[in-house]
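Q: Show me how the following folds:
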Amino acid sequence: MASKKDAEFDPKNPRLTVGEGAKVAWYVARMCKRGIASETVYQGDLEKKVDRVIDRARERAEKNAKKK
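A: Model prediction:
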């Protein structure tokens, strides 16, 4: 079944660009690698980086939604 593109703005789940998706995937892979090493390893730095990427995507999506 073909899916329709959702053109509506969703503030909780913004569409990521290819570059943003790659960054998030890289950070998640690094978190997984740290998790394999030990369950007590600090991952807050990577979580903050992922949050920043998603926040920038939200800001961009809001700005684009206002233009339309």
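
Q: pLDDT averaged over the longest helix seen in the chain - what is it?
A: Secondary structure assigned by DSSP state H gives helix 44-67 as the longest helix of the chain. Throughout helix 44-67, pLDDT has a mean value of 92.

Q: Could you pull out the buried residues of that helix?
A: Neighbour-count burial for helix 44-67 flags Leu46, Lys49, Val50, Val53, Ile54, Ala57, Arg58, Ala61 (criterion: 16 or more other Cβ atoms under 10 Å). In this view, the C-beta of every residue, glycine as well, is placed from N, C-alpha and C.

Q: how distant is it from the center of its chain?
A: Relative to its chain's centre, helix 44-67 lies at 7 Å (Cα atoms, centre = their mean, to the nearest Å).

Q: so which strand or helix has the nearest residue to Gln43 once chain neighbours are set aside?
A: The shortest distance from Gln43 to any non-neighbouring residue, by Cβ to Cβ, 6 or more residues apart in numbering, is to Met31 (5.1 Å). Taking DSSP states H and E as the criterion, Met31 maps to helix 18-37.

Q: buried set for that helix?
A: Neighbour-count burial for helix 18-37 [16+ other Cβ under 10 Å]: Glu20, Lys23, Val24, Tyr27, Met31.

Q: Spit out the contact partners of the residue lying closest to the second one once chain neighbours are set aside.
A: It refers to Lys23. Leaving out its chain neighbours, the residue that sits closest to Lys23 by Cβ to Cβ, 6+ apart is Val53, at 5.3 Å. By Cβ atoms under 8 Å, 6 or more residues apart in numbering, the contact set of Val53 is Leu16, Glu20, Lys23, Val24, Tyr27.

Q: try it again with 7 Å
A: Glu20, Lys23, Val24 (Cβ atoms under 7 Å, 6 or more residues apart in numbering).

Q: Please tell me how far the residue most central in space within the chain sits from Val24.
A: Relative to the mean C-alpha position of the chain, the nearest C-alpha, by Cα atoms, centre = their mean, is the one of Ile54, at 4.2 Å. Using Cβ to Cβ, to the nearest Å, Ile54 is found at 7 Å from Val24.

Q: now swap in Leu46 and tell me
A: Distance from Leu46 to Val24, by Cβ to Cβ: 10 Å.
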